[in-house]
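S.K.: Generate coordinates for the sequence data below:
(one chain, ligands or ions: 1)
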Amino acid sequence: MSDYGFSTLSVHAGASPDPATGARATPIYQTTSYVFDSADHAAALFNLQTFGNIYTRIGNPTQAVLEERMAALEGGTAALAVASGHAAQMIIAHALMETGDDFVAARQLYGGSVNQFAHSFKKFGWTVHWADATDPESFRKALTPKTKAIFIESIANPGGIITDIRAVAGIAREAGIPLIVDNTLATPYLIRPFEHGADVVVHSMTKFLGGHGNSIGGVIIDGGSFNWSASRKFPTLSEPCASYHGMRLHETFGNMAFAIACRVLGLRDLGPAISPFNAFMILTGIETLPLRMARHCDNALKVAKWLKEHAAVDWVSYAGLADDPNYNRHRTYCPKGAGAVFTFGVKGGYDAGIALVDRVKLFSHLANVGDTRSLIIHPASTTHRQLSPEQLKAAGAGPEVVRLSIGIEDADDIIADLDQALRD
Ligand SMILES: Cc1ncc(COP(=O)(O)O)c(C=O)c1O
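M.R.: Below you'll find the model as predicted:
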């Protein structure tokens with residue numbers, strides 16, 4: 001299967017006709033549990049001596065097809081699908097860190113990740129140190145002896161910064177820690193982070209992967225390249241595991257150990273399983289990923305170019321524009337397109353931003369990205385409204401900033417809607 005091209009893998013990887021019924025589409029296996037063949041079979045499953053289904057909190061056949069497809073699309077060894085992108089991030093952190101450990105993350109992340117890392121993770125005794133996504137050396141400066149990982153977004157939400165993955169991966173490698181890349185806004189259609197030195201890839205499948213704004217999900221993909229036993233920094237992977245009779249997960253499962261640790265410890269014990277129905281919806285969405293992403297990117301470039309010339313617009317931040325500071329990294333990392341999420345500044349500040357989101361007709365005013373539909377939000381009056389003016393500016397969410405997620409409608413209609421909404 002791995003010899004097939006990206007579009008073929010998007011449709012077929014992991015799936016085959018259902019052996020029981022011949023169903024061609026992957027069935028929704030809506031069951032909590034699975035009958036064991038025998039007492040010996042049950043024991044082997046619980047001892048991790050054989051792979052198979054036990055209970056849908058830990059795995060499910062619909063979910064398994066989705067996991068195999070995502071591992072194939074990213075070029076990883078194995079994957080784990082979970083209830084949301086945030087659940088995926090929590091499970092990764094749980095596998096990597098002990099109480100008192102820390103990690104370094106780019107400051108330019110989706111705001112929900114900033115909150116999760118700064119506040120909720122702190123309650124587990126995991127500390128985040130921030131670095132600047134536009135300055136790889138800042139990641140090195142933030143390292144401490146307790147640092148267990150570096151976390152970046154390939155294309156940062158919402159600023160559209162394209163991170164120099166290879167430079168940051170080099171710093172992680174020298175420090176003997178994994179690089180985790182949130183590839184949500186790029187999807188493997190635009191960027192495959194393992195090819196640039198990432199060790200683990202994570203997605204909110206809620207966005208472009210599912211693609212239709214109807215299902216929440218997350219996925220962790222194991223690159224299979226990291227040596228978890230080279231140091232004693234990662235005891236969950238390298239040391240005897242108390243809940244599996246002293247089994248060492250890395251020694252036993254080799255290049256799939258990280259994905260397996262996330263499933264048999266993180267998902268088993270923390271519990272954020274994806275529903276079979278959501279796995280089915282996202283799997284169906286992925287079948288058209290290459291077609292949708294090409295259209296999203298074409299439309300986004302047309303809209304960004306048009307906005308740039310508009311009298312009511314101050315600035316446009318889109319890596320696909322030739323004079324954008326991220327343009328060269330876009331050509332290096334994602335020459336097929338610069339994604340479909342970007343920000344621009346409307347003349348007239350806060351009031352003009354509010355007026356715009358109230359006037360659009362085709363765009364939906366809501367807090368999401370990566371839908372077939374075009375989406376718009378004014379961060380200063382919604383997602384970032386608790387912040388002070390200084391914090392708003394630092395977060396790239398000043399009063400004039402509007403974020404767009406460009407859909408797959410006709411570009412002319414998207415532009416016409418913005419045009420009528422930008423008029424006085
Ligand atoms: C880049 C990025 N990562 C992670 C998340 C969190 O994903 P979820 O909403 O599926 O938990 C989001 C959500 O917007 C996101 O945009």
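S.K.: What sits closest to the residue in the stretch 51-200 of the chain that the ligand sits nearest to if chain neighbours are left out?
M.R.: Closest residue of the stretch 51-200 of the chain to the ligand, Cβ to the nearest ligand atom: Gly85 (2.4 Å). For every residue, glycine as well, the C-beta is placed using N, CA and C. Closest residue to Gly85 apart from its sequence neighbours, by Cβ to Cβ, 6 or more residues apart in numbering: Ser204 at 2.7 Å.
S.K.: and that neighbour, how far is that from the ligand?
M.R.: Ser204 is 3 Å from the ligand, where distance means Cβ to the nearest ligand atom, to the nearest Å.
S.K.: Is that residue bridged to anything, and to what?
M.R.: Beta-bridge pairing for Ser204 (DSSP bridges): Gly218.
S.K.: give the contact list for the residue of the stretch 51-200 of the chain closest to the ligand.
M.R.: 182, 184, 202-206, 217-218 (Cβ atoms under 8 Å, 6 or more residues apart in numbering).
S.K.: from the residues you listed, which is closest to Thr332?
M.R.: Set against Thr332, the nearest of the contacts of Gly85 by Cβ to Cβ is Asp182 (18.7 Å).
S.K.: Which two of the contacts of Gly85 have the greatest separation?
M.R.: Pairwise distances across those peak at 14.2 Å for Asp182 and Gly217 (criterion: Cβ to Cβ).
S.K.: what residue lies at the spatial centre of this protein?
M.R.: With distances taken as Cα atoms, centre = their mean, His203 lies nearest the centre of the chain, 2.2 Å away.
S.K.: Does it touch Ile216 like I think?
M.R.: No - His203 is beyond contact range of Ile216, at 11.9 Å (criterion: Cβ atoms under 8 Å).
S.K.: Contacts for the helix or strand bottoming out on mean pLDDT in the chain, please.
M.R.: Least confident helix or strand of the chain, by mean pLDDT, DSSP states H and E, is helix 389-394 with a mean of 76. Around helix 389-394, the neighbours that count as contacts under Cβ under 8 Å, 6+ apart are 379-380, 384, 398-399.
S.K.: Stretch 309-319 - what's its average pLDDT?
M.R.: Averaging pLDDT along stretch 309-319 yields 97.
S.K.: What of stretch 53-60?
M.R.: Stretch 53-60 comes out at a mean pLDDT of 97.
S.K.: Check stretch 365-377 too.
M.R.: The model assigns stretch 365-377 a mean pLDDT of 97.
S.K.: Would you indicate which residues of that stretch are buried?
M.R.: Neighbour counts using 16 or more other Cβ atoms under 10 Å place 369-377 of stretch 365-377 among the buried residues.
S.K.: Report the contact partners of the residue nearest to Gly85.
M.R.: Applying Cβ under 8 Å, 6+ apart, the residues near Ser204 are 84-86, 88, 110, 182, 184, 217-218.
S.K.: and the residues you listed, which two are the farthest apart?
M.R.: Tyr110 and Gly217, at 15.4 Å, using Cβ to Cβ across the contacts of Ser204.
S.K.: Of the two, which one has the most company?
M.R.: Gly217 (28 against 21; other Cβ atoms under 10 Å).
S.K.: ok, now which ones touch the more buried one?
M.R.: Gly217 touches 81-85, 204-206, 209-210, 274, 278-279, 282, counting by Cβ under 8 Å, 6+ apart.
S.K.: Just the ones of these in helices?
M.R.: Of the positions in the contacts of Gly217, 85, 278-279, 282 sit in helices, assigned by DSSP state H.
S.K.: now for those, which pair is the farthest apart?
M.R.: The largest separation in the ones in helices among the contacts of Gly217, counting by Cβ to Cβ, is between Gly85 and Ala279 at 14.5 Å.
S.K.: What residues does the chain have near the ligand?
M.R.: 84-86, 110, 112-113, 153, 157, 182, 184-185, 204, 206-207, 216, 218, 369 (Cβ under 6 Å from any ligand atom).
S.K.: from those, which ones fall inside strands?
M.R.: Judged by DSSP state E, those include 153, 182, 204, 218 as members of strands.
S.K.: Let me know the closest of those to Asp410.
M.R.: Nearest to Asp410 among these: Ser204, at 27.0 Å, using Cβ to Cβ.
S.K.: got the CA coordinates for the helix of greatest length in the chain in CSV?
M.R.: Taking DSSP H as the criterion, the chain has its longest helix at helix 289-308. Extracted as CSV, the C-alpha positions of helix 289-308 are listed here (Å, rounded to 0.1, in the frame of the first residue of the first chain):
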residue,chain,number,x,y,z
LEU,A,289,-8.4,15.6,1.4
PRO,A,290,-6.1,16.2,-1.7
LEU,A,291,-9.0,17.6,-3.8
ARG,A,292,-10.2,19.9,-1.0
MET,A,293,-6.8,21.1,0.1
ALA,A,294,-5.8,22.1,-3.5
ARG,A,295,-9.0,24.1,-3.8
HIS,A,296,-8.7,25.6,-0.3
CYS,A,297,-5.2,26.8,-1.1
ASP,A,298,-6.1,28.2,-4.6
ASN,A,299,-9.0,30.1,-3.2
ALA,A,300,-7.0,31.4,-0.2
LEU,A,301,-4.3,32.8,-2.5
LYS,A,302,-6.9,34.5,-4.7
VAL,A,303,-8.7,36.0,-1.7
ALA,A,304,-5.4,37.1,-0.1
LYS,A,305,-4.2,38.8,-3.3
TRP,A,306,-7.6,40.6,-3.7
LEU,A,307,-7.6,41.8,-0.1
LYS,A,308,-4.1,43.1,-0.4
